[in-house]
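*Asks:* Sequence first, predicted coordinates after that:
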Amino acid sequence: MKLTPTLSTLILMLSLTSTGQADDLATPATPPTATEAVSTPATAPTLAVSDEDIRALLTAMTDKVIVPTYQALEAHTQTLATASQTFCTKPDLANFNSVKAAWSAALSTWQQTDAFTIGPALDEQFDFNFYFRPIKKNLVNTVLKSTEPITPEILKKNGVGVQGFAALEYLLFERDQSEADVLNRFTHSKRCEYLVAASTLLHTHSTTLLHTWTPHFSDAMKEVGKGSTEFVTAPEAFNVVMNRVYQAAENAKLKLQPALGQPAFQAGLDPQREQVKPYQLEAWRSGHTLANTKATLLGVEQMLVAGGVLDWLKQQDKALLAGEFESLFQRIKAIEFPSSDLFAQLEARDFKAADALFNEAQMLTRYYKQRLASTLGVSLGFNENDGD
């Protein structure tokens with residue numbers, strides 16, 4: 001099992017950093033990427049879950065959550081690639097909206113995978129190909145200004161800073177311009193070349209990830225403790241997976257924390273909310289931050305519910321703890337937002353719903369760390385962002 005060291009992540013980000021506005025400068029607002037997953041202990045933990053139960057849980061997670069989500073990602077990115085090609089053949093408003101809708105559906109699906117970004121997704125930092133942030137505007141603009149045709153191969157050659165969902169967002173959305181003005185920019189053939197190339201490459205990456213999971217890695221997940229090709233023991237595998245689910249819950253919280261000025265506001269150090277910074281939101285251009293956050297939390301919920309963890313708790317006479325998680329997920333879904341655009345809400349200083357979501361996300365990480373992990377016997381690895 002390969003867990004990429006955080007140091008290599010930092011080196012990669014530093015090598016791509018260039019001067020510019022908020023996009024080109026790495027800021028504390030960016031939650032840790034999947035390759036900054038919590039490290040697992042050097043020794044195998046002593047779990048409260050038997051090897052047989054671990055295999056049953058990992059089988060449920062694999063068959064009911066992980067593989068179906070990667071299949072959905074492959075399908076959504078195919079839709080995005082097709083919609084991009086259709087739009088560039090006929091660049092009208094209807095086709096433009098179809099591309100943006102396809103981008104949104106694909107990105108939300110990718111965000112769900114945060115709860116199980118392990119194994120193939122981490123090999124050689126493969127996850128960076130999907131969503132490297134913050135976007136490197138200077139690199140993207142250099143590609144747009146080049147005289148050579150923009151192809152998937154050219155984007156691969158130029159690195160993760162010009163690929164994936166963030167690069168596509170930069171092409172498709174702009175808060176300072178009307179939708180008609182953004183649409184008009186695609187009359188420039190290079191912009192359409194870039195859109196088609198980036199969408200096609202994203203679908204290629206999605207197909208690669210799905211094929212590396214099935215059948216090899218999915219079989220290895222279900223055979224832990226019985227000759228698995230990826231894990232020596234069942235506890236090792238379960239600890240890796242449950243650590244990743246915890247990191248995803250942390251990431252959901254961190255999508256909101258810097259932009260909301262947390263935790264300074266909660267501590268009473270910023271009562272006027274002067275530290276609120278909408279531009280530190282993830283996907284602020286498109287207003288997709290809220291959708292990203294909800295999708296990440298949905299991935300966590302699916303791993304615990306469809307993956308069988310809460311049912312296991314109930315079988316162990318821990319129904320109260322399982323019920324607390326179920327109630328928490330229900331409360332998250334019940335939060336009513338004035339719009340889907342969190343950026344606009346923060347600019348209007350309407351914090352009520354965003355604060356509620358942050359508080360529930362923070363409660364989720366506390367439940368997980370203080371109660372679920374100890375009940376399962378899981379040893380949560382070091383997480384530099386864990387301040388609870």
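*Replies:* Arrived safely.

*Asks:* Surely A361 is in contact with L290?
*Replies:* No. Using Cβ atoms under 8 Å, A361 is not in contact with L290; the gap is 12.0 Å. Where you see a C-beta, it was placed from the backbone N, CA and C, and this is true even at glycine.

*Asks:* Quick check: nearest residue in space to A252, chain neighbours excluded?
*Replies:* In space, and not counting its chain neighbours, A252 is closest to T296: 4.3 Å by Cβ to Cβ, 6 or more residues apart in numbering.

*Asks:* For the one you found, list the residues it contacts.
*Replies:* 111-112, 114-115, 248, 251-252, 255 (Cβ atoms under 8 Å, 6 or more residues apart in numbering).

*Asks:* Which residue, other than its chain neighbours, is closest to the one residue sitting closest to the centre of the chain?
*Replies:* Nearest residue to the geometric centre of the chain (Cα atoms, centre = their mean): Q111, 3.5 Å. Excluding the flanking residues, the one nearest Q111 by Cβ to Cβ, 6+ apart is A295, at 3.6 Å.

*Asks:* mean confidence score for the host helix or strand of the one you found?
*Replies:* Here A295, judged by DSSP states H and E, is contained in helix 289-304. Mean pLDDT, helix 289-304: 98.

*Asks:* Next: stretch 224-238.
*Replies:* Here the average pLDDT along stretch 224-238 is 94.

*Asks:* which secondary element of this structure has the worst mean pLDDT?
*Replies:* Least confident helix or strand of the chain, by mean pLDDT, DSSP states H and E, is helix 6-16 with a mean of 39.

*Asks:* Could you measure from K222 over to V305?
*Replies:* With distances taken as Cβ to Cβ, to the nearest Å, K222 is found 19 Å from V305.

*Asks:* Assign a three-state SS to the residue lying farthest from the centre of the chain, would you?
*Replies:* Centroid-distance maximum for the chain: T147 at 33.7 Å, with Cα atoms, centre = their mean. Secondary structure, DSSP: H, G, I helix; E, B strand; the rest coil: T147 is coil.

*Asks:* Tell me which residues touch V140, please.
*Replies:* 161-162, 167, 170-171, 194.

*Asks:* To clarify, my last question referred to L364.
*Replies:* Taking Cβ under 8 Å, 6+ apart, one finds 249, 252-253, 297, 300, 328, 332 in contact with L364.

*Asks:* What's the local residue count around the closest residue to L380 other than its chain neighbours?
*Replies:* Distance criterion Cβ to Cβ, 6+ apart; nearest residue to L380, sequence neighbours excluded, is A373 at 5.2 Å. Counted by other Cβ atoms under 10 Å, the residues lying close to A373 total 18.

*Asks:* what does E274 give?
*Replies:* The number of residues near E274, taken as other Cβ under 10 Å, comes to 10.

*Asks:* Check A180 too.
*Replies:* Neighbours of A180 (other Cβ under 10 Å): 9.

*Asks:* Would you tell me what the next helix or strand after the helix or strand harbouring it is?
*Replies:* Counting by DSSP H and E, the element that carries A180 is helix 179-184. Under the assignment DSSP H and E, the closest C-terminal helix or strand after helix 179-184 is helix 189-212.

*Asks:* tell me what the helix or strand following that following helix is packed against?
*Replies:* Note on helix 189-212: by DSSP H and E, the next helix or strand toward the C-terminus is helix 218-222. Packing partners of helix 218-222 (3 or more Cβ pairs under 8 Å, 6 or more residues apart in numbering; DSSP states H and E): helix 51-61.

*Asks:* Distance from the chain centre to the helix it packs on, please.
*Replies:* 24 Å (Cα atoms, centre = their mean, to the nearest Å).

*Asks:* Touching it from outside, list them.
*Replies:* So helix 51-61 is contacted by 47, 49, 116, 221-226, 233-235, 237-238, 241, 303, 306-309, 312 (Cβ under 8 Å, 6+ apart).
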